[in-house]
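Peer 1: Following is a predicted model, sequence given first.
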Amino acid sequence: MKAIHAYLTFNGNCRTAMKFYQKCLGGELLLQLAGESPLSDIMPAKMKKLIVHSVLNGKNFCLTGTDMATDDRLQKGNAVALLINCSSERELKTVYKKLSAGGKQTQPAERTYWGALFATLTDKYGNHWLLNYKK
């Protein structure tokens, strides 16, 4: 196995969310519209503007996403979180501030019993993030 990537599903705001993550984390963003897919001719016009697949590639991460929710509608829960192992305390605090903008800071950065600086947040799109830095 090479790697496991996080794949996020959005409700029509994938483009906005992925651009936000790019602003927070850096990297190169690729977006593919549903209207650019081979099925474009048979889909409703409003669906053509949705993101069928997006990839945000950074030096040490890959975040993927889509607007293509299943028929049972998108329901955000707390079963999935994205973990970032930061390379410095400064990076952790910077990323925490950026990702939590418009969202909720659930646990500010603090030293843990496992010897790391750790913080949690829920971003403005309802996704949960864990930030960890261990010297």
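Peer 2: The structure has been received and is ready for your questions.
Peer 1: Report the beta-bridge partners for the residue nearest to K104 when sequence neighbours are not counted.
Peer 2: Counting by CB to CB, 6 or more residues apart in numbering, K104 lies nearest to T122, which is 4.6 Å off, once chain neighbours are set aside. Quick note: C-beta positions are derived from backbone N, CA and C, even for glycine. Assessed by DSSP bridges, T122 has beta-bridge partners K104, H128.
Peer 1: buried sites along stretch 128-135?
Peer 2: By neighbour count, and taking 16 or more other CB atoms under 10 Å as the criterion, the buried residues in stretch 128-135 are 128-129, 131-133.
Peer 1: Next: stretch 110-128.
Peer 2: Within stretch 110-128, the residues that qualify as buried by neighbour count (16+ other CB under 10 Å) are 116-123, 125-128.
Peer 1: Low-confidence ranges, the protein, go.
Peer 2: Segments of the chain classed as low confidence (criterion: pLDDT under 70) are 71.
Peer 1: switch to 90 and redo it
Peer 2: The chain contains residues with pLDDT under 90 at 1-5, 11, 35-47, 68-80, 113, 135.
Peer 1: Show me the helices in it, by range?
Peer 2: If you assign secondary structure with DSSP state H, the helices in the chain sit at 14-25, 89-100.
Peer 1: Tabulate the ones you listed (TSV), appending distance to K46 and mean neighbour count.
Peer 2: Listed next are those as TSV, based on distance: least, CB to CB, whole Å; neighbours: other CB atoms under 10 Å:
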stretch	distance to K46	mean neighbour count
helix 14-25	14	19
helix 89-100	29	17
